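Engineer: I would like to see how this sequence folds:
(2 chains)
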Amino acid sequence: MLYALATIEVFLETGFVFSLIAMGYYITYTILDFPDLTVEGTFLSGAVTYGILVYNNINAWLALIAAFIVGFAFGAVTGVLHVKMNIRPLLCGILVSTALISINLVAVGAGLNGDFTGETASSISFGRRAPTLHNTFPMNLIPAKIENIGVRDLVLFFLIAVLFKLLLDLFLKTKCGLLLRAAGNNDRFVTTLSIDSGKSKILGLAIGNGYAAVSGALYTQISGNVNQSMGIGMVVIGLASLIIGLSLFRKVHFMKPTTKVIFGAIIYQACLTLAQKLGMPSAYNKLIMALLFTLALILSTSLKKKSQGVKK
Amino acid sequence: MLELIDITKIYNPGEINETCLFENFNFKAEDGEFISVVGSNGSGKTSLLNIICGSIPVEKGKILLDGKDITAMPEYKRYGQIGRVYQNPSMGSCPDLTILENMSLADGKGKKYGLGMGVDKKRIDYYKDMLTPLGLGLEDKMNTLVGSLSGGQRQAMSLLMATMTPLRFLILDEHTAALDPKTAETIMELTDMIVKQKKLTAIMVTHNLRYAVEYGTRLVMMHRGNVILDKAGEEKQKATVPDLLTIFNEISIECGN
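Structural biologist: So this is what the prediction gives:
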């Protein structure tokens, strides 16, 4: 029983954490139809920013906000490359995430001991007592573990996922958010409103990557460290979560898309955890991730066809 | 007043299929005019509208708005004073947004799209009052996605939305062409009413010669990038569809069609 609960805890935690990338993709991929590869880089940038600040004893909540801002900024770079320089979406993501490989590496050394060669440090580990969110007010008021279940982290990730979901819902209802949805839907219409639709796209990419960066920052809480390979596979995790959530709950109209996306992320993580528990060596992780994503894509197109068939 | 002076427009310059559409083309629209533009395919009607709105660049010449040069002004800025309705009903609204959200967006034109609530609940009744006279029942479907409306309904909305905020010019790009005859008639009457009510300067491209004759204060026929007929005032009132058809046939024979 406890074993099962511990398993559930694992995929709930990762589910909540990765749901943030998926929410970011809800803006960039679903609304703006922009397949954004930048998140592989910005996920790690978020982790690096958060890691450096926490290492330097800055308040962890501030560090989390800083992570968002850094992700936001790099997302905006991708947006500017696409909108102002007319570079294709996939290439913009590749360019920025490639540049970020160096930037993230150098940043760790610079943040830890002021060295800009990128040769002295590449990872940051948190000790048990490091001033992470886990050990910061008000999280330290919650018991860290009940019956060996890491309640505190679970509550932390749950609250942040819900908070960011609500913020996104709220944003999408504002004038600015409405304009963003319009820009993804019909940018000629936005132009006739005397608005440069490019600005909305840049903003959307910035927010999407801000979310990915927060996800990265939170993930350090699970992994206990920041390392340079953290970002690998995040495009697949984010998109798979998004697509699973939106297609499985297609018919559930009372649920907001952002809620569906959180469930999608949890389901995806549950499947991955299950595969591991069934004895798959961890070397197979990425293979399973890709397979599950493929399955989700096939499922979503066949569901789409079915529902369209009914309509006609 | 809107003026096009010595406009030269070349499509695919430098390529093997280079075509010069306009060469030193001049056009003037006085305030308060409702100009119907007719002409065969490829005569430059839609290009004329695209040049006015800045959707396509010109190789040479100037576009003046009240004497001010707007040739270099980006398209989106020009729409500050221009409303535009396209031939395709789906161009003028967002299919994945509701009627209410679409109208709220259109209502905000000219203001900042900031972090205020996108839909102002106090304005809903105002929007409904705008939709009711259409007789399409849209006022009862405020939360319906625009994508599920018919072409006529969407076009009626596009027209209302394009003219919701104060503006000076209305550009109509064959806006009744994709509609059935009855709906087209309704939209045309609505157009005329809005243009008169808001005292707009309107330029309407149409293939429907009857609309061109019945509506508007000035009639322009274009052919191969030139204005070959331009009637205003009393002359325009006397114009008839058979007259226009005769001229049309003449130029067609010239082309060998």
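Engineer: only C-alpha atoms for contact and neighbour calcs from this point on.
Structural biologist: Fine.
Engineer: Point me to the residue of chain B nearest chain A.
Structural biologist: residue B:118 (3.8 Å; Cα to the nearest Cα).
Engineer: Contacts only, for the residue in chain A that chain B sits nearest to.
Structural biologist: Among the residues of chain A, residue A:175 lies closest to chain B, at 3.8 Å counting by Cα to the nearest Cα. The neighbourhood of residue A:175, defined by Cα atoms under 8 Å, 6 or more residues apart in numbering or on different chains, consists of B:105, B:113, B:114, B:115, B:116, B:117, B:118, B:119.
Engineer: follow-up on the earlier one: and the residue of chain B closest to chain A, how far from residue B:107?
Structural biologist: 10 Å (Cα to Cα, to the nearest Å).
Engineer: tell me which residues of the helix or strand encompassing residue A:52 are tucked away?
Structural biologist: In the assignment (DSSP states H and E), residue A:52 maps to helix A:39-55. For helix A:39-55, burial by neighbour count (16 or more other Cα atoms under 10 Å in any protein chain shown) applies to A:39-55.
Engineer: that older thread, among the contacts of residue A:175, name the ones in strands.
Structural biologist: Among the contacts of residue A:175, no member falls in strands (criterion: DSSP state E).
Engineer: Whichever of those count as buried, I'd like them selected in ChimeraX; how would that read?
Structural biologist: Filtering these down to the buried ones (16+ other Cα under 10 Å) takes a single ChimeraX command:
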select /B:105,113,117,118,119
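Engineer: from the contacts of residue A:175, which single one is nearest residue B:141?
Structural biologist: Nearest to residue B:141 among those: residue B:119, at 15.3 Å, using Cα to Cα.
Engineer: quick one: contacts for that closest one?
Structural biologist: A:173, A:174, A:175, B:100, B:101, B:104.
Engineer: so what's the second one up against?
Structural biologist: Listed by Cα under 8 Å, 6+ apart, the contact partners of residue A:174 are B:114, B:115, B:116, B:117, B:118, B:119.
Engineer: Any chance of JSON lines for the contacts of residue A:175, columns distance to residue B:201?
Structural biologist: Compiled in JSON lines, the contacts of residue A:175 are given as follows (distance: Cα to Cα, whole Å):
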{"residue": "B:105", "distance to residue B:201": "23"}
{"residue": "B:113", "distance to residue B:201": "27"}
{"residue": "B:114", "distance to residue B:201": "30"}
{"residue": "B:115", "distance to residue B:201": "34"}
{"residue": "B:116", "distance to residue B:201": "32"}
{"residue": "B:117", "distance to residue B:201": "33"}
{"residue": "B:118", "distance to residue B:201": "30"}
{"residue": "B:119", "distance to residue B:201": "30"}
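Engineer: Can you say which two of the contacts of residue A:175 are spatially most distant?
Structural biologist: Between any two of the contacts of residue A:175 (Cα to Cα), the greatest distance is 13.1 Å, for B:105 and B:115.
Engineer: ok so, going back, what's the helix holding residue A:52 packed up against?
Structural biologist: Counting contacts by 3 or more Cα pairs under 8 Å, 6 or more residues apart in numbering or on different chains; DSSP states H and E, helix A:39-55 packs against helix A:60-83, helix A:89-113, strand A:124-125, helix A:197-223, strand A:225-226, helix A:234-248.
Engineer: cutoff 7 Å now
Structural biologist: Helix A:39-55 sits against helix A:60-83, helix A:89-113, helix A:197-223, strand A:225-226, helix A:234-248, with contacts defined as 3 or more Cα pairs under 7 Å, 6 or more residues apart in numbering or on different chains; DSSP states H and E.
Engineer: Give me the buried positions along the longest one.
Structural biologist: Burial within helix A:197-223, assessed by neighbour count using 16+ other Cα under 10 Å, is assigned to A:197-221.
Engineer: Give me the below-cutoff pLDDT ranges for chain A.
Structural biologist: For chain A, the stretches with pLDDT under 70 are A:1-2, A:307-312.
Engineer: Get me the contact residues on it for chain B.
Structural biologist: Residues of chain A found near chain B (Cα under 7 Å from any Cα of the partner chain) are A:173-176, A:178, A:182, A:185-186, A:188-189, A:191-196.
Engineer: By mean pLDDT, point me to the weakest helix or strand of chain B.
Structural biologist: Least confident helix or strand of chain B, by mean pLDDT, DSSP states H and E, is helix B:241-255 with a mean of 77.
Engineer: chain center to that one: distance?
Structural biologist: A distance of 24 Å separates the centroid of the chain from that of helix B:241-255, by Cα atoms, centre = their mean, to the nearest Å.
Engineer: list the buried ones in that helix?
Structural biologist: Under 16+ other Cα under 10 Å, the buried positions of helix B:241-255 are B:244, B:248, B:251.
Engineer: Which of those sits closest to residue B:19?
Structural biologist: Of those, the one sitting nearest to residue B:19 (Cα to Cα) turns out to be residue B:251, at 19.4 Å.
Engineer: on that earlier part again, kindly export the least confident helix or strand of chain B (C-alpha atoms) in PDB.
Structural biologist: What follows is helix B:241-255, C-alpha atoms only, in PDB (Å, rounded to 0.1, in the frame of the first residue of the first chain):
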ATOM      1  CA  VAL B 241     -26.200  48.000 -66.000                       C
ATOM      2  CA  PRO B 242     -26.600  47.500 -69.800                       C
ATOM      3  CA  ASP B 243     -24.300  50.600 -70.400                       C
ATOM      4  CA  LEU B 244     -21.700  49.000 -68.300                       C
ATOM      5  CA  LEU B 245     -22.100  45.700 -69.900                       C
ATOM      6  CA  THR B 246     -21.600  47.200 -73.300                       C
ATOM      7  CA  ILE B 247     -18.300  48.700 -72.200                       C
ATOM      8  CA  PHE B 248     -17.300  45.500 -70.500                       C
ATOM      9  CA  ASN B 249     -17.900  43.500 -73.700                       C
ATOM     10  CA  GLU B 250     -15.900  46.000 -75.700                       C
ATOM     11  CA  ILE B 251     -12.800  45.700 -73.600                       C
ATOM     12  CA  SER B 252     -13.200  41.900 -73.500                       C
ATOM     13  CA  ILE B 253     -13.300  41.800 -77.300                       C
ATOM     14  CA  GLU B 254     -10.100  43.900 -77.300                       C
ATOM     15  CA  CYS B 255      -8.500  41.300 -75.100                       C
END
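Engineer: what's it packed up against?
Structural biologist: Packed against helix B:241-255 by the contact rule (3+ Cα pairs under 7 Å, 6+ apart) you find helix B:209-214.
Engineer: Show the contacting residues for the nearest residue to the residue of chain A closest to chain B once chain neighbours are set aside.
Structural biologist: Using Cα to Cα, 6 or more residues apart in numbering or on different chains and skipping the chain neighbours, the partner closest in space to residue A:175 is residue B:118 (3.8 Å). Contacts were defined as Cα atoms under 7 Å, 6 or more residues apart in numbering or on different chains; by that measure residue B:118 touches A:173, A:174, A:175, A:178, B:104.
Engineer: What lies in contact with the least confident helix or strand of chain B?
Structural biologist: For helix B:241-255, the surrounding residues in contact (Cα under 7 Å, 6+ apart) are B:209, B:210, B:213.
Engineer: Pull out the buried residues from those residues.
Structural biologist: B:209, B:213.
Engineer: Roughly how far does the residue of chain A closest to chain B sit from residue B:96?
Structural biologist: 16 Å.
Engineer: And the residue nearest the centre of chain B, which helix or strand is it part of?
Structural biologist: Centroid-nearest residue in chain B, with Cα atoms, centre = their mean: residue B:172, separated by 1.5 Å. Assessed by DSSP H and E, residue B:172 sits inside strand B:169-173.
Engineer: Since that was my last question, I'll sign off now.
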